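Novice: show me the folded form of this:
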Amino acid sequence: MAIADYFQKNAMAASQVLQHFENAGFESALSRQCVAVMLDSAAADSDEGTAAADLLVRLLARFYPKIAIVPLDAGAKTLAGDLAKLAKDINPGIALVTKLTVVTHALVVGQTEVRLPRKGARLFYVGSRGWTALLSQSNPVGCSRSTNPFGPGVAACFGVANVFRAVFEKQLPQDAEPSKDIAFSVIDYKAGKAAKSPALKSISLGDACLVGAGAIGNGALWALRRVPIRGSLTLVDPQNLELSNLQRYVLTMRQDEFHPKVTLAERWFSGIKDLSLIPKQMTWDEFAHQSQWKFDRVAVALDSAKDRIGVQASLPRWIVNAWTLGSAIGISRHPTLEGDACLACLYLPDEVTPSEDILVATSLGLATTPQHPDLMEVRRRLDLNVPNDRAYLERIASIRNVAIEELLPFENKTLRALYTEGVCGGQVMGLVVDGQETRAEVPLAFQSALAGILLAAEIVIDASAARAERALTISRIDLLRQLPDYISSRRAKDASNRCLCQDSDYKEVYAEKYGAPIRSDTPANRYKMLPGDRSTS
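Specialist: Numbers count the residues shown, from 1 in each chain. Purely as a prediction, here's the structure:
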């Protein structure tokens, strides 16, 4: 049994949500766990069942050093074998257990009732009904036979999150105890009974863009490759896959390190005939400048407020955005420029923020005085993408008091790579904010996956007009808490009138691009009006 070699990012993610965190104790707690994925022929014969089982293994194998994959009848043996190989591809050192006596927690997909032999072992039944995710601690919930991946994907994330809550129950708040029953509809974002929802048939996506192929982007791609859709999906991301990314990038395998993220995605979609995935290894700004500046649907899976504002500034017709924060995930919807907040409204800074060169210099312990040689050198290296030489890394290691061996993996890489991966990614050192070192936020894998799946769902819902009424602006789900009655809320435009969506020239160009009135009678925009939906600015 071996923990994954990208395990430190798991520890960082857990440390941000667990009380009294201590690394050695965390590793010890994980080594005592054996989480089982159990499935029967009903699950193996269902697209929804196989989707749920697939994502369960993709999430568990990244976190737990020991799991069990248990076929409950002969009809599930082939799928169980495929899932065992998948787990090994994700973490070659993972222990695959066959004895049920060591299983501490189990996630069951299918219609079979299970009894675990170990005293105190926790059991969660995972299933779905199309757009609705189901979870129960008491009874099998089964899976319907549709090709809809959204209910199964969300259910898998809920299941893994509840196992985490059970494993670390003593280090979480009291209201974080595992959920007894969940029925959550991706269509109306309500928890309760399984909701009736439209069948997911072949859908014309048109020309859509996904900005960001990171952890959230991976969750979106996992879902989209299982949906019967036609059209084109342009994937925009400038980066290669780093080892630390594997902690929460659900589609990646251990051998995928160093490959461009968009190239990996192109491979994942290679067998899909009707959907053309167009890889663009560049930033959104670079892509927008080489395009015609006309974007129909844009799904945003980016990390920074600045980049999100940049997407809104490029004037897409329709935007959906996803994020993680603490133990929560969020979705924001911006179907037109009129009405509620645009994407930029949500991320307008309240104060002057430091420029990139200042942020990099500060975090590396270098001088930030205007015209100081240290700052000028940082600017030169950032502007020209100068590779890091050993002498420069040795100086940083001395200033930040870290071993040069920790920085050597960034030799011949750019300074921006050292900052984004070594500092923001937490591989080597923490961010410096107001003179204090702090670790960048690292979400758990099931958080990022859920955010990505819901991001993809919004694209498909819009393209298929599956939602009868227009959804509220923002929806939030805390995966370490019980689901509340109200998950969604409205968000008005920025009250200070600073946002570009309130600029008359900007609005005029939008109308010229996409027609006036802005809300046309296309299926994507056929929603009931909300009170106050028309802007008065």
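Novice: where's residue 332, which helix or strand?
Specialist: strand 328-334 (DSSP states H and E).
Novice: okay, the helix or strand just after that strand in PDB with CA atoms only?
Specialist: Downstream of strand 328-334, the next assigned helix or strand under DSSP H and E is helix 343-347. Only the C-alpha atoms of helix 343-347 are listed here, as PDB (Å, rounded to 0.1, in the frame of the first residue of the first chain):
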ATOM      1  CA  LEU A 343     -19.800  38.000 -14.300                       C
ATOM      2  CA  ALA A 344     -17.600  41.000 -13.800                       C
ATOM      3  CA  CYS A 345     -20.100  42.500 -11.300                       C
ATOM      4  CA  LEU A 346     -19.300  39.500  -9.000                       C
ATOM      5  CA  TYR A 347     -15.500  40.100  -9.000                       C
END
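Novice: buried set for helix 343-347?
Specialist: 343, 344, 345, 346, 347 (16 or more other CB atoms under 10 Å). C-beta: built from backbone N, CA, C; applies to glycine.
Novice: hang on, residue 17 packs against residue 165?
Specialist: No: counting by CB atoms under 8 Å, residue 17 sits too far from residue 165 to count as a contact (10.0 Å).
Novice: okay, and the common contacts of the two?
Specialist: 172, 480 (CB atoms under 8 Å, 6 or more residues apart in numbering).
Novice: about what we covered before: ok, so of the buried residues of helix 343-347, who is nearest residue 486?
Specialist: residue 346 (18.9 Å; CB to CB).
Novice: how about that closest one: what's its closest non-neighbour residue?
Specialist: Closest residue to residue 346 apart from its sequence neighbours, by CB to CB, 6 or more residues apart in numbering: residue 332 at 6.0 Å.
Novice: ok, the buried residues of helix 343-347 vs residue 121, which is closest?
Specialist: Of the buried residues of helix 343-347, the one sitting nearest to residue 121 (CB to CB) turns out to be residue 346, at 42.7 Å.
Novice: tell me how far the closest one lies from residue 447.
Specialist: 19 Å (CB to CB, to the nearest Å).
Novice: with residue 151 instead?
Specialist: Using CB to CB, residue 151 is found at 18 Å from residue 447.
Novice: what does residue 347 give?
Specialist: Taking CB to CB, one finds residue 347 at 20 Å from residue 447.
Novice: same check, this time on residue 410
Specialist: 27 Å.
Novice: ok now the helix or strand hosting residue 208, how far from the chain's centre?
Specialist: Using DSSP H and E, the element containing residue 208 is strand 203-211. Centroid displacement of strand 203-211 relative to its chain, using CA atoms, centre = their mean, to the nearest Å, is 18 Å.
Novice: which strand or helix spans the nearest residue to residue 367 once chain neighbours are set aside?
Specialist: Nearest non-adjacent residue to residue 367, counting by CB to CB, 6+ apart: residue 374, 4.0 Å away. If you go by DSSP H and E, residue 374 is part of helix 373-384.
Novice: for the helix or strand following that helix, which helices and strands make contact with it?
Specialist: Next along the chain after helix 373-384, taking DSSP H and E as the criterion, comes helix 390-400. If contacts are counted by 3 or more CB pairs under 8 Å, 6 or more residues apart in numbering; DSSP states H and E, helix 390-400 sits against helix 404-407.
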